[in-house]
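**Q** sequence and predicted model, in that order:
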Amino acid sequence: MTLFRDHIDTAAAGRVRGAGWPTVLRWAALAGIAEAALVMVYVERAPVPPAFLLAVLLLVGVVLMGRSKRSGIWVTTIASVLLVIASVVMNAAQLGVAASFGSFAVNWVAALTGVLGVVAGIASWRDRPRSASASNLLLGAVGLAVVIIVVVGIVASLTFADARRAPGDVVVDARNSKFHPSTLTASGGSVTFFLDNRDNTLHDFHILGVKEGEEDLPANHQVGLTVRLAPGTYKYRCDLHSGMSGTLIVR
């Protein structure tokens, strides 16, 4: 009877202890790999060297954790730090435009995953015991990610007021991270642009040297921009994607 009671007490204690920190770290790394793949396959639809390198580094960390636990924890934790930097610093603009659903959701979830990986990595490195805190942190991160994707991102995208094209508008398409056409012509004075972003990532349309000549282009939405332009030649570009530029000739 005593042995049976001891067995029950041990099983209950195991449930209370929750997940191990290395387990949480491993799940965070696998999520980070999936998110890097989503960035390249769905959001940018093109190879993204930083995302690819992060995915490789996270994968190396996961593999090492199965062979040399300490080195695997170190590599995965460093990769998680880099994931936070890439999401919060390098892609800060993507985090602020909820209507740009694809890039907004993936970058926010990647940021949360990176923070989860850093916390779990530090706890693993310090040999913290299994704890309910580990399970709670994992569940909390998943819950917050769902809120960001469903409540914030989807609602913002569905309620976004798309611009309507009017006769005389200068039409610009953002497609495959290129502006089409790459050369625009317009008459001087008040010029209205109809900007159609067909990509799954956030762009912006920036006419260099023109006050108020800049507008965010949320993914899969249409935006209008009206500015006064004197005759001349202008350059326009997307500040978020190198090589995405064109020339505007105002007569």
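**A** Arrived safely, thanks for sending.

**Q** please, where are all the strands along the stretch 51-200 of the chain?
**A** For the stretch 51-200 of the chain, applying DSSP state E, counting those that start in this stretch gives strands covering 170-175, 178-180, 183-186, 189-197.

**Q** dump those into CSV; add mean pLDDT as well.
**A** Listed next are the strands of the stretch 51-200 of the chain as CSV, based on pLDDT from 0 to 100:
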stretch, mean pLDDT
strand 170-175, 97
strand 178-180, 97
strand 183-186, 96
strand 189-197, 97
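
**Q** out of those, which comes closest to residue 248?
**A** strand 183-186 (4.6 Å; CB to CB). From N, CA and C alone the C-beta is placed, and that goes for glycine too.

**Q** what is the neighbour count of the nearest residue to residue 109 once chain neighbours are set aside?
**A** The shortest distance from residue 109 to any non-neighbouring residue, by CB to CB, 6 or more residues apart in numbering, is to residue 145 (4.7 Å). Counted by other CB atoms under 10 Å, the residues lying close to residue 145 total 19.

**Q** check the one 5 residues further on too.
**A** By other CB under 10 Å, the residues close to residue 150 number 11.

**Q** next: residue 228.
**A** 12.

**Q** domain parsing of the protein, as residue ranges.
**A** The record's domain split for the chain, according to automatic domain parsing, is 2-158, 170-250.

**Q** residues of the lengthiest helix in the chain that come out buried?
**A** Secondary structure of the chain per DSSP state H: the longest helix is helix 101-125. Applying a neighbour-count criterion of 16 or more other CB atoms under 10 Å, one finds 101-121, 123-124 buried in helix 101-125.

**Q** now swap in stretch 243-251 and tell me
**A** Applying 16+ other CB under 10 Å to stretch 243-251 flags 244, 245, 246, 248, 250 as buried.

**Q** re the thing from before, which of the strands of the stretch 51-200 of the chain sits closest to residue 224?
**A** By CB to CB (comparing all of the strands of the stretch 51-200 of the chain), the closest turns out to be strand 189-197, at 6.1 Å.

**Q** ok, then the element right after the closest one?
**A** strand 203-207 (DSSP states H and E).

**Q** only alpha carbons, please: show that following strand as PDB.
**A** Extracted C-alpha coordinates of strand 203-207, given in PDB (Å, rounded to 0.1, in the frame of the first residue of the first chain):
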ATOM      1  CA  HIS A 203       6.100  47.500 -48.900                       C
ATOM      2  CA  ASP A 204       6.200  51.300 -48.900                       C
ATOM      3  CA  PHE A 205       6.100  53.800 -51.800                       C
ATOM      4  CA  HIS A 206       8.500  56.600 -51.200                       C
ATOM      5  CA  ILE A 207       9.000  59.500 -53.700                       C
END
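
**Q** from residue 46, how far off is the residue sitting nearest the centre point of the chain?
**A** The geometric centre of the chain, computed from its C-alpha atoms, lies nearest to residue 107 (CA atoms, centre = their mean), at 1.5 Å. Relative to residue 46, residue 107 is positioned 16 Å away (CB to CB, to the nearest Å).

**Q** for residue 23, same thing?
**A** 34 Å.

**Q** who's more crowded, the two?
**A** residue 23 (17 against 13).

**Q** returning to what we had before: what's near enough to touch the residue nearest to the centre of the chain?
**A** Counting by CB atoms under 8 Å, 6 or more residues apart in numbering, residue 107 touches 87, 91, 94, 95.

**Q** please consider this matter closed, and thank you.
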